[in-house]
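Chemist: Generate coordinates for the sequence data below:
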Amino acid sequence: MRPQATFKQISRSLMDSWISSPDGLAAPEDIYGHVCQLIRPNMVLVVVDVRPTDPLDFGIDVVQGYRLPTGLADIGTLRRSRSFADVPDTKYLHETVIPVYVGAVQRRRPTMGRVATRVLDTVIAYDQIILPQKNSSERSEWCIGLLDIHFLLPAGTKDGSLDDVDLTILQLLAEGSSTKEIASASNLSYRTIEHRIDNLKSRFGAKNIAHLAVLSIAAGLGGMASKDP
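Modeler: Numbers count the residues shown, from 1 in each chain. Coordinates of the predicted model:
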């Protein structure tokens, strides 16, 4: 089985195509077409129409969307966006999305970056490359965007009422410790830790211990960016 292409390899291929492309190329697919079969299910490939003067009117053409199974409703909402004005999280749009596309157009060269933020009720982290149309005499008409999504987590609210034992349990669960190992590390009985974990699962709405660890991490990450007032 051939090894699957990495984001770095696909980005390099896109960069090579962009560098060799003629000035004012009308068809963005001439740059991205050869990598479509390499796009993995956790990646998103879009073409953004940047001709409007108002970024809210930038159009979104999803060439390949996020294809991993997920029950997060926010992802379905984002999939339906056909322009920047459709993006439901205005904080994310104005602070994260618009600046990178406008910046790429203004600088007339590709840009790469890593994003870790909150979109609606989802914590998301991804790498991205944005390639504007090469146009030395006029404003670029389009940008190609490739996102490599590392994770999607349900954002929760950090519980300020957690005591030291709760924090210890959550930390050690995140490190992969068993209930027995947590009991030993915290000098408490196995039954006490088991009872504490059951209470934490109830408070976080977790289905199981692995889900509890994920939700506790997501609650902390969710504080990186708050929802719009």
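Chemist: Contacts only, for residue 108.
Modeler: 132, 134-136, 140 (Cβ atoms under 8 Å, 6 or more residues apart in numbering). C-beta here means a position set from N, CA and C on the backbone, and glycine is covered the same way.
Chemist: next one: residue 188
Modeler: Contacts for residue 188 were tallied using Cβ under 8 Å, 6+ apart; they are residue 165.
Chemist: where along this protein do the helices fall?
Modeler: Per DSSP state H, the chain carries helices over the ranges 7-20, 29-32, 73-79, 90-92, 98-107, 164-174, 179-186, 190-204, 209-221.
Chemist: any chance of those in TSV, plus mean neighbour count, distance to residue 59 and mean pLDDT?
Modeler: Shown next, in TSV, are the helices of the chain (neighbours: other Cβ atoms under 10 Å; distance: least, Cβ to Cβ, whole Å; pLDDT from 0 to 100):
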stretch	mean neighbour count	distance to residue 59	mean pLDDT
helix 7-20	16	20	98
helix 29-32	18	15	98
helix 73-79	15	15	75
helix 90-92	17	18	94
helix 98-107	16	11	97
helix 164-174	17	41	95
helix 179-186	16	51	96
helix 190-204	15	39	95
helix 209-221	19	31	89
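Chemist: between these, which gets nearest to residue 40?
Modeler: Relative to residue 40, the nearest member of the helices of the chain by Cβ to Cβ is helix 7-20, separated by 8.3 Å.
Chemist: sorry, back to before: quick one, which of the helices of the chain is nearest to residue 127?
Modeler: When those are compared by Cβ to Cβ, helix 7-20 sits nearest residue 127, at 5.7 Å.
Chemist: same for that closest one, what does it pack against?
Modeler: Counting contacts by 3 or more Cβ pairs under 8 Å, 6 or more residues apart in numbering; DSSP states H and E, helix 7-20 packs against helix 29-32, strand 122-132, strand 142-154.
Chemist: any chance of the ones you listed in a markdown table, plus distance to residue 71?
Modeler: Compiled in a markdown table, the helices and strands packed on helix 7-20 are given as follows (distance: least, Cβ to Cβ, whole Å):
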| stretch | distance to residue 71 |
| --- | --- |
| helix 29-32 | 30 |
| strand 122-132 | 11 |
| strand 142-154 | 9 |
